[in-house]
Every structure is written in C-alpha cells, then in structure tokens.
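Asker: Predicted structure and sequence below. I'll ask about it afterward.
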Amino acid sequence: MDIALYVLAALLIVGGLAGAVLPTLPGIPMIFGGIWLVAAVDDYRHLGLWWLLIIGALGSLGVVVDFVASTLGAKRVGASKLALWGATAGTLIGMFFGVPGLLFGPFLGALGGELASGTSVLRSAHVGVGTWLGLLFGTLVKLVLSFVMVGLFGVAMLFG
C-alpha cells in the first residue's frame, strides 16, 4: 500500500509542476498535497512540522501571487479602478474558458474596464498589456516557488 501512496504522491508533484504553467491545474496545491502525502506515509520522520510549515508558506505565497499578479500588473501601469476590477473579473471569468480564457481574460477585462472609464483605445491597450505582463510574471514566480518547494522537499528527505 505504501508504494501506491508514494506513486500517487509522485503523480501529484509532477502534475503540480505542470500545473505551475498550465492554468487549468491547481499546481501548487497539488505539489503540497503530494509532499504532505509522502510525509504522512513516512510517519513524518523526514518531513516534520517545520518543513511542512515552510513549504506550505511558500505554497501559500505562490497561490496569492498567482491570483493577484494580473491586477498588480494593471495597477503598475496606472490603470483606473475600473480596469483593476475588469482585470479581476477577466481572471475569474477566464477560468471557465480554459487556457485561452486565463491567458486573455485579464487582458480583455482590463482593456474593457479602462475603455469604460473613458480613456483612449491606445491607453486602454497599454493597460491590457501591463495586465498580461503581470500575469506572465505571476506564472514565473509560481513556477520558481514550485521548484523551491520540491527542492526543499528533496533536502528534507535526504537530510531531515
């Protein structure tokens, strides 16, 4: 039974690493779930409370960054409040349209919000691009944090 649980944990971790890039998978929660499963099967001999708290804190940071990155990107380029709300709404609505929705939803939401606030099309497009760059930055941060989580897991298993 332990072997099956270790295989499941490995699948969760590998799937989570893919989910760090593919927005349709909850990557970081999958990674943490796999790590926690290994710790539980191992009776927490190598991965104790402190390791899990540190890895969990990094995972929480990654989830937060992933959620707010596009909105912060819009804010960085001086977007209006309507554009910030549009970017948030575009992210939430985009989740229902898979990868294209998550890639273009924040851009379209910020663009629409900025247009609704009465600015020019060029300025609105600038805000949309800032939103999209924020989303890309958030994905990069999420990917780095995912690899740090897996790296800390490896260190804990080898030396913990």
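Answerer: On my side now, so go ahead. The model shown is predicted, which means the values in this text are computed figures rather than measured ones.
Asker: Next up, the contacts around residue 119.
Answerer: If you count contacts by C-beta atoms under 8 Å, 6 or more residues apart in numbering, residue 119 has them with 80, 127. All C-beta atoms are positioned from the backbone trio N, CA, C, and that covers glycine.
Asker: let's see 10 Å
Answerer: 79-80, 82-83, 113, 126-127 (C-beta atoms under 10 Å, 6 or more residues apart in numbering).
Asker: cool, and residue 145?
Answerer: Shown in contact with residue 145 (C-beta under 10 Å, 6+ apart): 20, 27-28, 31, 55, 58-63, 65-66.
Asker: Just give me the closest of these to residue 5.
Answerer: residue 31 (16.0 Å; C-beta to C-beta).
Asker: how about the closest one, what does it touch?
Answerer: Contact analysis of residue 31 by C-beta under 10 Å, 6+ apart lists 12-17, 19-20, 55, 58-59, 62, 145-147, 149-150, 153.
Asker: In strands only, show me those.
Answerer: Under the assignment DSSP state E, the contacts of residue 31 contribute nothing to strands.
Asker: Only the buried subset of these, as a PyMOL command please.
Answerer: Entered in PyMOL, the line below selects the buried ones among the contacts of residue 31, by 16 or more other C-beta atoms under 10 Å:
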select buried, resi 12+13+15+16+17+19+20+55+58+59+62+145+146+149+150+153
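Asker: and the one helix or strand residue 74 maps to, what does it pack onto?
Answerer: Using DSSP states H and E, residue 74 sits in helix 49-76. With contacts taken as 3 or more C-beta pairs under 10 Å, 6 or more residues apart in numbering; DSSP states H and E, helix 49-76 sits against helix 27-41, helix 81-94, helix 98-116, helix 121-159.
Asker: residue closest to the middle of the protein?
Answerer: What sits nearest the mean C-alpha location of the chain, by C-alpha atoms, centre = their mean, is residue 66, with 3.5 Å.
Asker: now, the most widely separated pair of the contacts of residue 119?
Answerer: So, the contacts of residue 119 by C-beta to C-beta: farthest apart are 82 and 126, at 14.9 Å.
Asker: follow-up on the earlier one: quick check: which of the helices and strands packed on helix 49-76 is nearest to residue 71?
Answerer: Among the helices and strands packed on helix 49-76, the nearest to residue 71 by C-beta to C-beta is helix 81-94 (4.9 Å).
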